[in-house]
Every structure is written in C-alpha cells, then in structure tokens.
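Q: A predicted structure for the sequence below; I have some questions about it.
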Amino acid sequence: MASKRYKSLEEKIDKTKKYSVAEAASAMAELKSAKFDETVEIAMNLNVDPRHADQMVRGAVVLPHGTGKTVRVAVFAKGVKADEAKAAGADIVGTDDLVDQIKEGIFNFDVVVAAPDCMGLVGKVGRILGPKGLMPNPKTGTVTPDVAKAVNNVKGGQVAFRVDKKGNIHAGIGKASFATDKIKENIEAFMVAINKQKPASAKGKYIKNAVLSLTMSPAVHFDTAELMDVK
C-alpha cells in the first residue's frame, strides 16, 4: 500500500501526460522528498530482441554533468600502463594481486578497466566478474590501451548501459540536487547514445516506453517520439 508521502508525490504528476525532456527534468525538483540526495533514474523498454546478436543494444556515454556518484575504479595493468592508471586516479591497480583479491570476494570497486595485454588475467575471474556486471568490455570503453582516458571517463560520469533479455535499459543519470538544466542535458546525452545504438534490424517503434523518476518517487512518462528524435 502506498504511503502518504508517495501518494502526495503522485498528486504532483499527470499520469495521462507524456512529458517532454524539459518537462520531465523540471518535474524532478517537485518530486524530491527523501532525506538523502536521490538518484535521477531513467528506464525504458526498447523494441529489440536481444537474443539476436545484431539487436543487442550496449554501450557507454560520458554524461556532461556526471552522475553525482563517486565511482571507485580497479584497473588491470602493468608497467607504464599501471603508472598511467595511478596518475589518472585509479583506486586500485594490479595484476595477479587483483585476481587474488577478486577470488577472495573483496570488491572495493565499482568498475573494472583492463589494458588489452591483461585480459588473460581478467579471464581467470571472468566467471566472478560477469554475473556482477563488472566484466571489462571494449564496447563500454573498459578494455583499452588508453587506461588513463578510461579512468578519467568513468570518474567523470561515464554510464554504461546494456539491454536486458526483455529489452529494458535502466541507468542513473544524475542526482536530485542537480539543477534542472543539468538533468535535461544529461538525459539528452544519454538518449544520443541510445539512439546511435539502434540496430539496423530493429523493426517498428524503437522506444516503446520510457520513464524518469527519483529513487523514492513515482515516475513521469516521456514522450517517446521526442526521445527518438534526440540526435
């Protein structure tokens, strides 16, 4: 049963309306109610079938205003690349020692980056990292010879996205404390990335539905036609 707080928030939104990006971003200021800085969350259902490799929607985007979240980065690198990763602000840099840490179940990081020549090491813990969504991947920029750039991107507000088995994508794209224009610009940057990933084989309307909400708030529904026009 919905709480009084939640019901009062529901009264602030129009459930019959399809919100523009600007209107949805503006609505977040009205929906703040928690005692912590809530995450602005975007969720959508795409008209794709991820069971087919050519319809897998996956990628990453660096949001112009970041996510508002402090991200801890672990990097598999050695030699000069390890030094570059440390200089860029990586929280953990290692090789075999990092493999051992992961095997022991110690996960004091949020994202894993790897230099290509260390992917053999990463493979040793792939079965552990994979289910946790931590496996480095070239498509999200986390397997790269430029480890410093990858660390900077992740620390600077990079958001990775991947469609699930039912065609859903969910991501945090800011904080409730962000100014409305910053939320709007982050949404637009995210949608540019999503639209670029539209599979050529996808038929019909690409975005079936999409919503924006805060961690503890009801959601507003986007005008999906506008979202698909964000380029």
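A: Okay, I see it.

Q: ok, E226 to D14 distance?
A: Distance of E226 to D14, computed by CB to CB, to the nearest Å: 16 Å. Every residue, glycine included, has its C-beta placed from N, CA and C.

Q: so what's K18 up against?
A: With contact set as CB atoms under 8 Å, 6 or more residues apart in numbering, K18 has these partners: H221, F222, D223, T224.

Q: what lies in contact with the helix ranked longest in the chain?
A: Longest helix of the chain, by residue count under DSSP state H: helix 180-196. Here helix 180-196 makes contact (CB under 8 Å, 6+ apart) with 21-22, 24-26, 28-29, 40, 42, 44, 46, 57, 59-65, 159, 161, 169, 171, 173-174, 178, 206-207, 212, 227-228, 230-231.

Q: just the buried ones from the residues you listed?
A: Applying 16 or more other CB atoms under 10 Å to those, the neighbour count classes 21, 24-26, 28, 40, 42, 44, 46, 57, 59-63, 65, 159, 161, 169, 171, 173-174, 178, 206-207, 212, 227-228 as buried.

Q: per-residue pLDDT, M216?
A: Note for M216: predicted pLDDT of 94.

Q: what's the answer for the one 10 residues further on, then?
A: If you check E226, the pLDDT there is 96.

Q: tell me what the strand or helix carrying it is packed against?
A: E226 is located in helix 224-229, with elements delineated by DSSP states H and E. Packing contacts for helix 224-229, counted by 3 or more CB pairs under 8 Å, 6 or more residues apart in numbering; DSSP states H and E, involve strand 207-214.

Q: show me what the helix or strand just after the strand it packs on is packed against.
A: Using DSSP H and E, the helix or strand that follows strand 207-214 in sequence is strand 220-221. Under the contact definition 3+ CB pairs under 8 Å, 6+ apart, strand 220-221 sits against helix 21-30, strand 207-214.

Q: strand 220-221 pairs with which strands, parallel or anti?
A: strand 207-214 (antiparallel) (DSSP bridges).

Q: buried set for the partner strand?
A: Buried residues in strand 207-214, counting neighbours by 16+ other CB under 10 Å, are found at I207, A210, V211, L212, S213, L214.

Q: quick one: contacts for the nearest residue to the first one once chain neighbours are set aside?
A: Closest residue to I207 in three dimensions, ignoring its sequence neighbours and counting by CB to CB, 6 or more residues apart in numbering: T224, at 4.5 Å. Applying CB under 8 Å, 6+ apart to T224 gives the contacts K18, K205, I207, K208, N209, A210.

Q: tell me, what residue is most central in this structure?
A: When CA atoms, centre = their mean is applied to the chain, the residue found nearest the centroid is V159 (3.3 Å).

Q: specify the beta-bridge partners of the closest residue to it other than its chain neighbours.
A: Spatial nearest neighbour of V159, excluding adjacent residues (CB to CB, 6+ apart): A171 at 5.1 Å. Assessed by DSSP bridges, A171 has beta-bridge partners I42.

Q: these two touch, right, A171 and I42?
A: Yes: here A171 reaches I42: they are 5.7 Å apart, a contact under CB atoms under 8 Å.

Q: what secondary structure does K205 sit in?
A: Following DSSP: H, G, I helix; E, B strand; the rest coil, K205 is assigned to coil.

Q: so it versus D49, what's the distance?
A: For K205 relative to D49 (CB to CB), the value is 14 Å.

Q: do A60 as well
A: A60 is 22 Å from D49, where distance means CB to CB.

Q: with K12 instead?
A: Taking CB to CB as the measure, K12 falls 37 Å from D49.

Q: show me where pLDDT drops low in the protein?
A: 1-2 (pLDDT under 70).

Q: this completes my enquiry, with thanks.
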